[in-house]
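Visitor: here is my input; please provide its structure:
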Amino acid sequence: MSSAAENNARLALYQELDEIVGAMKNLAQVELVRLEKALGRQQSMFQDSVAALQTLARHYALPPVADNGQSLLLALGSERGFCGGFNEQISRAVTTLEPVNQQPSLVVGSRLLAKWPPDAEANNLPAPTTIDELLPGMQSILDTLRETRLPAQIQVLSHTKAGVSCRQLWPFPEPPDPERSTPTKPSASLALNLDPAELSGLLRWQCLQQGLMYYLLQSLSVENHMRLQQMEGARDHLEELTQELRLRINAQRQQQIVEEIEVILAEQRFD
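Guide: This next block holds a predicted model:
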């Protein structure tokens, strides 16, 4: 293949790649809009659930949560690539925590697992890649947690808009009123249809579900932000390469024209 043909083939490839990245960028933007809308609603649902549990705890002596006596680190990564240093930032943050090899971990996302400390005890689950996969993804995590009794404590290591953060997902704070040593008698407006102990179990489980969904939404939203940024960078780079290649092709064409003119002029002088 001649140099000119090779450059033309490469130009066609760049144009095709630009169209593909552009389509991926559009999909990521649509997904991001859906995620941002859902994130605000989910945050409110999570906060309301925790507030309801705390209100119940102020008025009733609630039974302790049965657990397996262990702590668990739940790390939320990505299943797909092309999202900047999303997984690298999580794996680096692990080094600032309690030695990860001293507690079991549940790593969500195969790409994050590939960067996990090799000597650490870790189970792995696939990470949701779209908002439509969040519910089954959350259910898989909950099913894994329920294989034995829930851990005594669950820490979530995940992305937020402010950066990587480690937050307690379980158990939820249930502080009584600090001015009282015993639960207060509930007002008439707090009429329960269920036994307080039974209701507390349901509310705790509700808080766990809503909190987990909130953190998953938050993580996937940041992942899409980072993917969108990388796509924009990739398109900018493709545009630079395309412009350079067009200049090279134009220079080759001009050189060919000059050579043709020289041949014509040489033939005229010969005659």
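
Visitor: how about stretch 103-117 as CSV, C-alpha atoms only?
Guide: What follows is the C-alpha trace of stretch 103-117 in CSV, where atoms were taken according to Å, rounded to 0.1, in the frame of the first residue of the first chain:
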residue,chain,number,x,y,z
GLN,A,103,-11.1,-8.0,57.2
PRO,A,104,-13.1,-9.6,54.4
SER,A,105,-14.0,-7.5,51.5
LEU,A,106,-16.8,-7.6,48.9
VAL,A,107,-15.4,-6.1,45.7
VAL,A,108,-18.1,-5.0,43.2
GLY,A,109,-16.6,-4.8,39.7
SER,A,110,-14.2,-7.2,38.0
ARG,A,111,-11.9,-4.3,36.9
LEU,A,112,-11.5,-3.2,40.5
LEU,A,113,-10.9,-6.8,41.6
ALA,A,114,-7.9,-7.0,39.2
LYS,A,115,-6.3,-4.1,41.2
TRP,A,116,-7.2,-5.4,44.6
PRO,A,117,-4.3,-6.5,47.0
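
Visitor: can you list contacts of it?
Guide: Applying Cβ atoms under 8 Å, 6 or more residues apart in numbering, the external contacts of stretch 103-117 come out as 70-81, 87-88, 90-91, 94, 100-101, 120-127, 137, 141, 144-145. For every residue, glycine as well, the C-beta is placed using N, CA and C.

Visitor: does Met231 touch Leu32 like I think?
Guide: No: Met231 is beyond contact range of Leu32, at 11.5 Å (criterion: Cβ atoms under 8 Å).

Visitor: may I see the buried residues of stretch 118-129?
Guide: Ala120, Ala122, Asn124, Leu125, Ala127, Pro128, Thr129 (16 or more other Cβ atoms under 10 Å).

Visitor: could you list the low-pLDDT ranges of the stretch 101-250 of the chain?
Guide: Scanning the stretch 101-250 of the chain for pLDDT under 70 picks out 101-102, 174-191.

Visitor: how about the helices in it?
Guide: 110-113, 134-145, 196-270 (DSSP state H, counting those that start in this stretch).

Visitor: to Tyr14, which of the ones you listed lies closest?
Guide: Nearest of the helices of the stretch 101-250 of the chain to Tyr14, taken as Cβ to Cβ: helix 196-270 at 4.8 Å.

Visitor: the inter-axis angle of the closest one versus helix 134-145?
Guide: On the basis of axes from the mean of the first three to the mean of the last three Cα atoms, to 10 degrees, helix 196-270 is oriented at 130 degrees to helix 134-145.

Visitor: name the SS class of Leu74, please.
Guide: With DSSP: H, G, I helix; E, B strand; the rest coil as the basis, Leu74 sits in strand.

Visitor: Arg80 now?
Guide: Arg80 ends up coil, using three-state DSSP.

Visitor: shift numbering so it begins at 4
Guide: Got it, first residue is 4 now, which makes that one Arg83.

Visitor: now do the contacts for it.
Guide: Arg83 touches Arg114, Thr132, Arg230, counting by Cβ under 8 Å, 6+ apart.

Visitor: got it, and Asn11?
Guide: By Cβ under 8 Å, 6+ apart, the contact set of Asn11 is Ile252.

Visitor: could you check how far it is from Glu19?
Guide: Using Cβ to Cβ, to the nearest Å, one gets 13 Å for the distance from Asn11 to Glu19.

Visitor: endpoint to endpoint, stretch 110-126 covers what distance?
Guide: One end of stretch 110-126 to the other measures 6 Å (Cα to Cα, to the nearest Å).

Visitor: and it, how far from the chain's centre?
Guide: Mean-position distance between stretch 110-126 and its chain equals 15 Å (Cα atoms, centre = their mean, to the nearest Å).

Visitor: can you tell me how far Gly166 sits from Leu137?
Guide: Gly166 is 22 Å from Leu137, where distance means Cβ to Cβ.

Visitor: quick one, which of these two is more surrounded?
Guide: Leu137 (21 against 9; other Cβ atoms under 10 Å).

Visitor: name the nearest residue to the more buried one, sequence neighbours excluded.
Guide: Pro131 (4.8 Å; Cβ to Cβ, 6 or more residues apart in numbering).

Visitor: quick one: Met27 and Gln233 touch, right?
Guide: No: taking contacts as Cβ under 8 Å, Met27 lies outside contact range of Gln233: 10.1 Å.

Visitor: no further queries at this time; thank you.
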